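*Asks:* build me a structure from this.
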Amino acid sequence: MAHKVRIGIDVGGTFTKAVAIDIDSMEIIGKSNTLTTHDAPEGVAKGVITVFKNILDEYHLHPDDVTFIAHSTTQATNALLEGDVYPVGVIGLGKGFLGRILSKHQTKVGNIELTSGRFLNTYHAFIDSSNLKIEKVKESISKLVANGAKVIVASEAFGVDTIENELFVTKVANEMGIPATPSHEISKLYGLTVRTRTAVINASILPKMLETANMIELSVRSAGIKAPIMVMRGDGGVMNLDEMRKRPILTTLSGPAASVAGALMYLKVSDGIFFEVGGTSTNIGVIKNGRPMTKYVEIGGHRTYLNSLDVRVLGVAGGSMVRVRERKIIDVGPRSAHIAGLSYSAFALPEDIVDPEVIFIRPKMNDPSDYVAIKTVSGKIYAITNTCAANAIGITKPGDYAYGNPEAAKKAISALAKYLNSSIERIAEEILTISSNKIIKQIYALIKEYNLEKDQVVLVGGGGGAAALVPFIAKKLGIPYKISENAEVISSIGVALALVRDSVERVVPNPTPEIIESIKREAYYSAIRSGAEPESVQVYIEVDAQRLRVKAIATGSVGLRTRELSKKVNVEEAMRIAAESMHASPDEVTLLESIDNLYVFSKKRQKSGADTPIRVVDSSGFIRLQRSKGEVVSCLSQNAISEVKRLWENNMAFLADAVIYPEIYLLAGGRVSDLSGMTTFEQVEAFIKSELTALRPDEKIILIAVKRI
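*Replies:* Here you go, the predicted structure:
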């Protein structure tokens, strides 16, 4: 029986891994991996093509069976880290006294330090755009190229409002055979220096990314695949190759983003901290109310308008090696067994670990010589890692990807225990404690930063090393955890299941319903240009009242309107999901309201004055909102403003001389809209009016108010 599949390929630092997922059953029907081909003439594209062809051949898939193919990429990130970039010529545009002054100074970004000693070189020219002539543009471009520029950026003061001049310069450059980027395509935010800098970084990797995109497209099409080819973005979505050719900077950090996307789509995490534990590093991301948290990326210490998932990368993981000085463990990592070229003792056979003795090595030439390994009577050298420690004291279980041979791990650690005059158990515990403390520090920071309610947080582990560290961390914190199925390929799963995503962000001091609707419409069409089916696109609005910014995030699917990415759940199954989240049995839970594909649950009141916990579950089984207390009402669309005003006033809180306004959530049109970033009723009112324009006056909506204290 033929399968219709989605193929996801994750390009990691060590391995490039692919999965094929049946779009009917959502089961993984094929896996493949190869070493990431950083040094190949074709770059990482060679590894992508290799695993793609392996999947087709090994699992007898016909090209027509592939409905979707996507890959993450380390290329943009590596190019910036290694300084492997092209010099950029910036044409600053401005008109009027203020526009000319701003452009002459703020588009001149200078040479940008990417990493220590590695620079992105830029050259600058200014053109008065009040009378833009093709001859002047050509002359300026020619001078920049003569100075060494290989790519052009057009950036105009207030260019996000009038884009014609930036587009004109870009068109002229392209006609001259020179790649170019208009800055408004990268960001619609004011802040000319940061916007120009972000566009410059985008342009610097443009030629190389174009080459890779063309190579992958040629290979995939030559295999007879007609399905859309998508590329993972750093914000957890995908875009088509045409968009990647214009905005390759959006692929920066797409590898870590893929693992969070896997947790979101495959594991249906609502509020949780997700860990992808690899061999050398651990990626940590936050999912709140069913959405991954994002932030602006700094590159080489410079602010940009590149929006990416907030993924923290720590140099501790399943393969991290132990460091010892003066007969004391001083650290674990950052070097791993993979970097040192050693095997884990946990994956050896007990008979291989004979008469082990402790030796000290340098994983890399300039590393300190305090990394521990053991040498056996045969002369074979093995590493002692977090995975070895977890196997030695029974934390990993049969079936876990990190489960090896506990007896071999114990024999290896016994040599270190003897050297340190301790026991196997104490040494293993100490290794895991040192590693875990680094991650726990980051967990506490994320809980505080994103205002997560600790009793609702779940630790979710993915990656091959997850079972070695996540259970130990969860026990120390007293927080529930789960290890994902197919943990070792969770990033590839995330790529395969990712939705098309695009966003538009603007500075709006006083957002009116008309302005909000305009920004939503712009994001909607951006998602379609990135490859989403028009009827699948949903747009969410976020308002940052402190920075006066409105952000519209549009997501949609690619060619999957007859099938959904997740199986549907009925009200009883949704109630069970809500009950599990509230640490209750289903008979202790009640359905408060329902609308479209959304169910609102709470606990049955146990005693007078008790808080009313809220869970909103959608028909795919995602928990879209969870709060420890809240007030829920339903009303007709035509009564929404008066009802939300009542909720706003009833749920205010007062602290000393300050008024603390409530969080407001709107359930309408099949989605949950988060208005919690709004600090005035006028902002809430404008947003709700915008949302209600598509509804009939007699259509039902649900409102939820949450006191902040």
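
*Asks:* quick one: R708 is in a strand?
*Replies:* No: R708: not assigned to a strand; according to DSSP: H, G, I helix; E, B strand; the rest coil it is coil.

*Asks:* from N650, how far out is the nearest residue to it once chain neighbours are set aside?
*Replies:* Computed as C-beta to C-beta, 6 or more residues apart in numbering, the closest residue to R708 that is not its neighbour in sequence is I660, at 4.8 Å. To be clear about C-beta, it is placed using only N, CA and C from the backbone, and glycine gets the same treatment. Separation of I660 from N650 (C-beta to C-beta, to the nearest Å): 13 Å.

*Asks:* now swap in S103 and tell me
*Replies:* Distance of S103 to N650, given as C-beta to C-beta: 50 Å.

*Asks:* neighbour-wise, which of these two wins?
*Replies:* The residue with more neighbours, out of S103 and N650, is S103; 27 against 11, by other C-beta atoms under 10 Å.

*Asks:* hang on, that one packs against T196?
*Replies:* No: with contact defined as C-beta atoms under 8 Å, S103 does not count as touching T196 (9.2 Å).

*Asks:* check what pLDDT H38 gets.
*Replies:* Here, the pLDDT recorded for H38 equals 67.

*Asks:* err, R247, not the other one
*Replies:* What the model reports for R247 is a pLDDT of 91.

*Asks:* center of the protein - which residue?
*Replies:* A257 (2.8 Å; C-alpha atoms, centre = their mean).

*Asks:* dump the residue contacts of it.
*Replies:* Residues near A257 by C-beta atoms under 8 Å, 6 or more residues apart in numbering: 72, 232-236, 285, 292, 308-309, 311, 494.

*Asks:* repeat that with 7 Å
*Replies:* 232-236, 308-309, 311 (C-beta atoms under 7 Å, 6 or more residues apart in numbering).

*Asks:* then N283?
*Replies:* Shown in contact with N283 (C-beta under 7 Å, 6+ apart): 256, 259, 276, 311, 313.

*Asks:* got phi/psi on the third one?
*Replies:* According to degrees, to the nearest 10, the main-chain angles of E276 amount to phi -100, psi 110.

*Asks:* when you give positions from now on, start the count at 535
*Replies:* Taking 535 as the first residue, the last one we looked at is E810.

*Asks:* that one is in contact with I1024, isn't it?
*Replies:* Yes: the criterion here is C-beta atoms under 7 Å, and E810 meets it with I1024 at 6.4 Å.

*Asks:* give me the common contacts of the two.
*Replies:* 793, 996-997.

*Asks:* taking those, please make a PyMOL selection of just the buried ones.
*Replies:* The buried residues among these can be selected in PyMOL (16 or more other C-beta atoms under 10 Å) with this line:
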select buried, resi 793+996+997
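
*Asks:* of all the shared contacts of E810 and I1024, which comes closest to A1057?
*Replies:* Nearest to A1057 among the shared contacts of E810 and I1024: S793, at 25.0 Å, using C-beta to C-beta.

*Asks:* show the pLDDT at that closest one.
*Replies:* Confidence score, pLDDT, at S793: 78.

*Asks:* next: A880.
*Replies:* Confidence at A880, expressed as pLDDT, is 96.

*Asks:* shaky segments in this protein?
*Replies:* The chain contains residues with pLDDT under 70 at 535-536, 547, 572, 1093-1101, 1139-1145.

*Asks:* domain map for it?
*Replies:* Per automatic domain parsing, the structural domains of the chain span 535-619+739-786, 620-738, 854-955, 1033-1090, 1105-1240.

*Asks:* what's the spacing between the shortest one and its chain's center?
*Replies:* On the basis of C-alpha atoms, centre = their mean, to the nearest Å, domain 1033-1090 is displaced by 18 Å from the centre of the chain it belongs to.

*Asks:* could you do the last one as well?
*Replies:* Between the mean C-alpha point of domain 1105-1240 and the mean C-alpha point of its chain there is a distance of 27 Å (C-alpha atoms, centre = their mean).

*Asks:* quote the end-to-end distance of that domain.
*Replies:* Domain 1105-1240 has an end-to-end distance of 24 Å (criterion: C-alpha to C-alpha, to the nearest Å).

*Asks:* right, and the helix or strand after the longest helix anywhere in the chain?
*Replies:* Counting by DSSP state H, the longest helix found in the chain is helix 958-983. For helix 958-983, the following helix or strand on the C-terminal side (DSSP states H and E) is strand 992-996.

*Asks:* report all helices and strands that the one helix or strand W1182 maps to contacts.
*Replies:* Using DSSP H and E, the element containing W1182 is helix 1174-1184. Judged by 3 or more C-beta pairs under 7 Å, 6 or more residues apart in numbering; DSSP states H and E, helix 1174-1184 is in contact with strand 1165-1170, strand 1197-1202, helix 1215-1226, strand 1234-1240.

*Asks:* please identify the buried residues of the helix or strand just after that helix?
*Replies:* Counting by DSSP H and E, the element after helix 1174-1184 in chain order, helix or strand, is strand 1187-1189. Residues of strand 1187-1189 include none that count as buried (16+ other C-beta under 10 Å).

*Asks:* any residues touching strand 1187-1189, and which ones?
*Replies:* Residues outside strand 1187-1189 that contact it (C-beta under 7 Å, 6+ apart): 1194, 1241-1243.

*Asks:* likewise stretch 756-774?
*Replies:* Contacts of stretch 756-774 (C-beta under 7 Å, 6+ apart): 587, 590, 597, 600-607, 750-751, 754, 775, 778, 784-788, 791-792, 794-795, 826, 828, 841-843, 1029, 1032-1035, 1064-1065, 1089, 1092-1093.

*Asks:* which SSE is the residue nearest to the centre of the chain in?
*Replies:* Using DSSP H and E, A791 maps to helix 788-799.

*Asks:* show the buried residues in the contacts of N817.
*Replies:* Applying 16+ other C-beta under 10 Å to the contacts of N817 flags 790, 793, 810, 845 as buried.

*Asks:* output the contacting helices and strands for the longest helix of the chain.
*Replies:* Under the contact criterion of 3+ C-beta pairs under 7 Å, 6+ apart, helix 958-983 touches strand 816-822, strand 846-848, strand 862-870, helix 920-926, helix 940-953, helix 1000-1011.

*Asks:* orientation of that helix relative to strand 862-870 in degrees?
*Replies:* Relative orientation of helix 958-983 versus strand 862-870 (axes from the mean of the first three to the mean of the last three C-alpha atoms, to 10 degrees): 60 degrees.

*Asks:* could I get the buried residue list for helix 958-983?
*Replies:* Per 16+ other C-beta under 10 Å, helix 958-983 contains these buried residues: 958, 961-970, 972-973, 976-977, 980-981.

*Asks:* gap between that helix and the chain center?
*Replies:* The gap between the average C-alpha position of helix 958-983 and the chain average comes to 23 Å, counting by C-alpha atoms, centre = their mean.

*Asks:* for D1121, state which of the contacts of strand 1187-1189 is nearest.
*Replies:* K1241 (28.0 Å).

*Asks:* distance check, the closest one against K538.
*Replies:* The span separating K1241 from K538 equals 48 Å under the rule C-beta to C-beta.

*Asks:* G623 reaches L678, doesn't it?
*Replies:* Yes: using C-beta under 7 Å, G623 makes contact with L678 at a distance of 3.0 Å.

*Asks:* which of those two has more neighbours?
*Replies:* A direct count of neighbours by other C-beta under 10 Å for G623 and L678 places G623 higher, at 29 against 25.
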